[in-house]
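[1] Whatever this is, show me its structure:
(one chain, ligands or ions: 1)
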Amino acid sequence: MKRILVATGGGDCPGLNAVIRAIVKRASQEKDWEVLGSIQAFNGILWEPQEIVRLDEKAVAGIHYRGGTIIETTNKGGPFTWPFKKADGTWDVADRSEEMIRKLQYMNIDAVINIGGDGSQRISQRLFEMGLPIIGVPKTIDNDLSSTDMTFGFQTAVQVATEAVDKLVTTAQSHNRVFIVEVMGRNAGWIALHSAVAGGAEVCLIPEIEYDIEKVLESIEKRFQHNRGFCIIVMAEGAKPKGGTVVGAQPDEPGYENFRLHGASVYLREALKNAGCQHDIRETILGHLQRGGVPIAYDRVLASRFGEKAVELVKEGKFGQMVSFRFPNIIDVSIKEAISQPNFVTMDNDLLKAARGLGITFGD
Ligand code: F6P
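    Prediction:
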């Protein structure tokens, strides 16, 4: 008898359910293997009473095309930084990692599969160093992990962004307007770069290249003659002007550590007006539309392969490893290596060069 516990952590991402289903399907081929799911990342283990669900073939039937995660997720805290309210009403964090490992031992868990992005895999690595038999599965729409060619969810996000650009082109053209489409990606410009190329945008602004407002204005003007024309700017939420800062706020949510990037496009609209842009400008912030809904086929396939491989790694006892996609194979890398450096758009990136070759300007 082997008992695997699965958790999904961090922001949700199209394809999570396909991973869960693949884990269960692959594990069911082994004699007496059981798969359990912890609700909301590791919260399900630490909550009292615990919230642990049995994941059998019936529980995962037909979930491969469903968005979200059937075992829920959270991006607030974790076993090392568990948020709790103090007697005076303020919030603090506690380290409950040792307690969690004890609970997992008591539950006779032989292996944990932690599906999550950068932050979740940092937690995986620390738990592994404490002796927990854990396997990582990378997840993020941002595609900002360097140890895998691609993360599932990314292509779905690019598809959503591209479809939005396609729609906005028609209204921009009808009204002779400038449209700024703000996409997600945190500090990585991958979603913006891919959807700008796929959607045929004129300008693409990414966190890796600080933009010069005058250059952006110049690119817009080239698209207009006697006030007729239109222009599509795809902008990453983390893009910032030369010498400026990112736009957003720190949400007042206990345990939430990330700065919430939001509104770069609103800032850009104002900056363009102040720089003398005479055209109508509208912005559309796509936000969580890029993360919700059904995963496209590409992501379902990648997610299914990741789930299947994760169980293979459990079988081989290769703990401390994370599944990874290195075209054309699914391989494994150490979680430590996986979290050592992020994947940002570099200036010699082939797609960036191609985009410039297509006439897309980056405001530099
Ligand atoms: O990391 C995935 C992501 O969707 C980022 O692109 C975005 O900045 C962030 O998460 C949004 O987080 P939240 O769901 O907490 O608002």
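[2] Would you enumerate the residues in contact with Pro295?
    Pro14, Gly15, Ala18, Tyr65, Gly67, Phe152, Gly153, Thr156, Ala303 (Cβ atoms under 8 Å, 6 or more residues apart in numbering). The way it works is simple: take the backbone N, C-alpha and C, and place the C-beta from them, glycine included.
[3] now it, nearest residue through space, not along the chain?
    Spatial nearest neighbour of Pro295, chain neighbours left out: Pro14 (3.5 Å); criterion: Cβ to Cβ, 6 or more residues apart in numbering.
[4] and the one you found, what helix or strand is that in?
    Following DSSP states H and E, one finds Pro14 outside all helices and strands.
[5] Count the residues that sit near it.
    Other residues within reach of Pro14, judged by other Cβ atoms under 10 Å, total 30.
[6] try Phe84
    Using other Cβ under 10 Å, Phe84 has 12 other residues around it.
[7] same question, Gly363
    So Gly363, with other Cβ under 10 Å, has 24 neighbours.
[8] how near is it to Ser174?
    Per Cβ to Cβ, to the nearest Å, Gly363 is found 26 Å from Ser174.
[9] Need the per-residue pLDDT for the nearest residue to Arg177 once chain neighbours are set aside.
    Counting by Cβ to Cβ, 6+ apart, Arg177 lies nearest to Asp280, which is 4.4 Å off, once chain neighbours are set aside. Asp280 carries a pLDDT value of 98.
[10] Over to Glu257?
    pLDDT recorded at Glu257 is 86.
[11] got a list of what it touches?
    Residues near Glu257 by Cβ under 8 Å, 6+ apart: Gly77, Thr81.
[12] which phi and psi does Glu253 have?
    Per-residue torsions, Glu253: phi -120, psi 120 (degrees, to the nearest 10).
[13] I'd say it and Lys76 touch.
    Yes. The pair Glu253 / Lys76 is scored as a contact, 6.4 Å apart, by Cβ atoms under 8 Å.
[14] In terms of packing, which of those two has more residues around it?
    Per other Cβ under 10 Å, whichever of Glu253 and Lys76 has more neighbours is Lys76, with 17 against 13.
[15] ok now do whichever residue of the stretch 101-250 of the chain sits closest to the ligand, which residues does it touch?
    Here the residue of the stretch 101-250 of the chain nearest the ligand is Met184; by Cβ to the nearest ligand atom that distance is 3.3 Å. Met184 sits next to Ile141, Asp142, Ala157, Ile191, Ala236, Glu237, Leu261, Leu286, Gly287, Gln290, Arg291 when contact means Cβ under 8 Å, 6+ apart.
[16] Those residues in helices, which ones?
    Ala157, Ile191 (DSSP state H).
[17] Can I have the buried ones of the contacts of Met184 as a PyMOL selection?
    Here is the PyMOL command that selects the buried residues among the contacts of Met184 (16 or more other Cβ atoms under 10 Å):
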select buried, resi 141+142+157+191+236+237+261+286+290+291
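[18] got the contact list for the residue in the stretch 201-350 of the chain that the ligand sits nearest to?
    Relative to the ligand, the nearest point of the stretch 201-350 of the chain is Leu261 (5.0 Å; Cβ to the nearest ligand atom). By Cβ under 8 Å, 6+ apart, the contact set of Leu261 is Met184, Arg186, Glu237, Gly238, Val246, Val247, Gly248.
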